[in-house]
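[1] requesting a structural model of the entry that follows:
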Amino acid sequence: MSRSARRITAAVLAAGALVAAAALPAVADDHDHDHGRGHDRDHSHGRGHDHGRGHDRGHDHGDGRDRGHGHAVRSAVVLGKIQYNSPGRDNGSNRSLNGEWVTVTNTGRHAVNLRGWTLRDESHRTYRFDLRLPGRSSVRVHTGAGRDSRTDVYQDLRRYVWDNSDTATLRDAYGYKVDSKSWGHRYGGHR
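    Alright, predicted model coming up:
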């Protein structure tokens, strides 16, 4: 191979490496550390719920992570199956309330600390997580009252949360949108 061909090959490989490095996700799994970003946080305490007092942080802070209506950050944690309409009659009983739920799944191999993460509907009814989700596992967030376990957590509410046309939004502890799912007539019936 000639000297020119080697130089051209080296230049192409170097350019390819730069493109690959730029394409890597800019966000590492930093759910436990603030790294001096100085973003406002809701420091409400209590058993996992905010009951609509949370604020919509709907704007981009210039670091590529959405805090509102745009694209979600890359995360191994996603929303799974959603049972927004509890089976049977909607009689307001605890059994009926717990018949509506949202599954949150960690698709990665490593555990993720969900402390401070939120799950919210369009009416801003908000559940605040306080758990560590093991790798390749799921937890169901039920509307009614119950005893939290490794696979099920409860919002301890006495009214239904999820409407027949609604959006579930999962945000990390910094308020960045991680995932969302919509369903019902406004969204083409998908969930």
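
[2] go ahead and confirm Gln83 touches Asn98.
    No - at 9.9 Å, Gln83 does not count as touching Asn98 under the criterion of C-beta atoms under 8 Å. C-beta here means a position set from N, CA and C on the backbone, and glycine is covered the same way.

[3] in a helix, Leu119, correct?
    No - applying DSSP: H, G, I helix; E, B strand; the rest coil, one finds Leu119 to be strand, outside a helix.

[4] give the closest residue to it in space, chain neighbours not counted.
    Of all residues beyond its chain neighbours, the one nearest Leu119 is Tyr127 (4.6 Å), with distances taken as C-beta to C-beta, 6 or more residues apart in numbering.

[5] that neighbour: neighbouring residues, count only.
    The number of residues packed around Tyr127, counting by other C-beta atoms under 10 Å, is 26.

[6] secondary structure class for it?
    Taking three-state DSSP, the label given to Tyr127 is strand.

[7] return the distance of it relative to Ile8.
    Remark: distance between Tyr127 and Ile8 (C-beta to C-beta, to the nearest Å) = 57 Å.

[8] thinking again about what came up before, who's the residue nearest to Leu119 bridged to?
    Beta-bridge partners for Tyr127, by DSSP bridges, are His49, Leu119.

[9] from Gly135, how far off is it?
    Distance from Tyr127 to Gly135, by C-beta to C-beta: 22 Å.

[10] ok, now Leu170?
    Distance from Leu170 to Gly135, by C-beta to C-beta: 17 Å.

[11] if you count surrounding residues, which of the two has more?
    Neighbours were counted for Leu170 and for Gly135 using other C-beta under 10 Å; Leu170 has more, 25 against 12.

[12] distance of that one from Ala5?
    Counting by C-beta to C-beta - Leu170 and Ala5 are separated by 51 Å.

[13] which residues does stretch 75-89 contact?
    29, 96-108, 110, 112, 114, 117, 133, 135, 138, 160, 162-164, 166, 168, 170, 172, 178-181, 183, 191 (C-beta atoms under 8 Å, 6 or more residues apart in numbering).

[14] for ChimeraX, what selects the buried ones among the residues you listed?
    Restricted to buried positions by 16 or more other C-beta atoms under 10 Å, the ChimeraX selection for those reads:
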select :96,97,98,99,100,101,102,103,104,105,106,108,112,114,117,133,138,160,162,166,168,170,172,178,179,181,183,191
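
[15] show me the contacts of stretch 75-89 that map onto helices.
    96-97 (DSSP state H).

[16] what helix or strand is the closest residue to Tyr154 other than its chain neighbours located in?
    Spatial nearest neighbour of Tyr154, chain neighbours left out: Gly146 (3.9 Å); criterion: C-beta to C-beta, 6+ apart. Taking DSSP states H and E as the definition, Gly146 sits outside all helices and strands.
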